[in-house]
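Engineer: Here is a sequence together with a model predicted from it:
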Amino acid sequence: MLDSFGRVALLLFPLSLFLTASISAFYVGRSLAPITALTRHAALMARRVTNQNGFWTPLPVSSPYDELSRLAETFNHLFEGVDSAVRQLRQFVTDASHELRTPLAVLHGETELILSKSRSAEEYRKTLSAFSDEFKKLTRIVEGLFTLSMADAGQLHLMSEPLYINEVLEEACALVTSRALVKNIAIVRELNEEVAYSGDEAFLHQLFLIFLDNAIKYSSDGSQVRVTLEQQAGTIRARFEDQGIGISSEHLAFIFERFYRAVPPSSGEAHSGGLGLAIAQAIVRAQGGFIECQSTPGVGSTFTVVLPATHSASNLESKPEQKLIVG
C-alpha cells in the first residue's frame, strides 16, 4: 500500500505543480493585461509627441472600480491638461511669430531699399521714421508678452501707493487727446469726484490707455468717447463708452484672448498686436478686480473696469470673476 501510494504521489506531484503553474499564469496574465495595455498605449503616445494632431488619446479604462482603472483615469486627466497646455503654447508661439514677422519684414524691406542706391537726406529721414514706427510696434509686442508671461507665472507684483485714481484717468485722457482730434472724436469726461486709491500708478495708467486707444481706434470720425468714474457698492468703476463698430456676440467671449481680434485692423492703423485686452485683464486681476463688457454691433461698446475698494476705504471679502454682458 505504501509503495502504491508513493507511486501515485510521485505521479500526481509534478502534475499538480504543472496545473497550479498553468492556472497561476492564466490569472496573473489576465490581471496584468490592463498594465500591458497601458504600457502599449503610453509607448504609442510617446512616439506621437511631435504629431501635429496632439500626442494624447484616452487610456483604456476596463472597469471604473479597480485600482488600475482609477490610475488610468488619473493619467487621462493629466494628459488632457498637458495636451491642452501644449496646444495653447503652440498657438501662442505661432501667433507671436506672426506678429513679430510683420514689422521685421518691413524693417528688412526698408533696409534693402535704402541700401540699393544713394539716397537724399529727406529719403533717409523718411526711412528712419518708418524704422521708428516699426521699432515701437516691436517694443509694444515684446513688453506685452513680458507682462503676460509675468502674470502667467504669478510674478506680476504691483506696487501699492496712495493716489487719486481720477487724476490718473485724467492724465490718460490728456495723452490720447491729440489722437482723438485727428479723427475729430470728442472725449467727454465725468471725473468730478476725487477717488482715493492705493495701487500701482504705472500699471493703472497703462490700463486706462488700452481702453482709450481701443475706443478711439474703432470709433467713427466725429463721434465721442465718454469716460466716467464712480464708486458703487464697495467698488470703483471706470467706464469707457464709445460709439464705434461694436463687437458681435460670437466674438465677445474671446476678446480677452491673446492675439485675438474681433475685426481685422484697419489699414495704416497702429495696433498693439492683439495683446491690449489680455494685458488689461492681467492688470485688473492683479489688482483683485474684473472687467465688464457690453457691446452692440453698429452702436458701440462699453468697457467697465471694476476695482475693489479694499485699496481705498471699504473692505470687500470676495473677488468677483470676470463677467461679460452681451447687449
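Structural biologist: All right, it came through fine. Residues are numbered from 1 along each chain as shown.

Engineer: which regions of the stretch 201-327 of the chain lie under the pLDDT threshold?
Structural biologist: For the stretch 201-327 of the chain, the stretches flagged by pLDDT under 70 are 261-273, 310-327.

Engineer: If you could redo that for the stretch 51-200 of the chain, that was the one I meant.
Structural biologist: Judged by pLDDT under 70, the stretch 51-200 of the chain has its weakly predicted residues at 51-56, 60, 62-64, 91, 95, 98, 153, 155.

Engineer: mind listing the strands in it by residue range?
Structural biologist: 161-164, 186-190, 196-199 (DSSP state E, counting those that start in this stretch).

Engineer: Repeat that for the stretch 201-327 of the chain.
Structural biologist: With DSSP E, counting those that start in this stretch as the criterion, the stretch 201-327 of the chain has strands spanning 224-232, 235-241, 290-296, 300-308, 323-326.

Engineer: In the first one, which residues are buried?
Structural biologist: In this case it means strand 224-232. Within strand 224-232, the residues that qualify as buried are 224, 225, 226, 227, 228, 229, 231, counting by 16 or more other C-beta atoms under 10 Å. C-beta here means a position set from N, CA and C on the backbone, and glycine is covered the same way.

Engineer: and the strands of the stretch 51-200 of the chain as a markdown table, adding mean neighbour count and distance to residue 252?
Structural biologist: Listed next are the strands of the stretch 51-200 of the chain as a markdown table, based on neighbours: other C-beta atoms under 10 Å; distance: least, C-beta to C-beta, whole Å:
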| stretch | mean neighbour count | distance to residue 252 |
| --- | --- | --- |
| strand 161-164 | 14 | 32 |
| strand 186-190 | 14 | 24 |
| strand 196-199 | 19 | 27 |
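
Engineer: Indicate which one of those is closest to residue 92.
Structural biologist: strand 196-199 (28.3 Å; C-beta to C-beta).

Engineer: in its sheet, what does that closest one sit against?
Structural biologist: strand 161-164 (antiparallel) (DSSP bridges).
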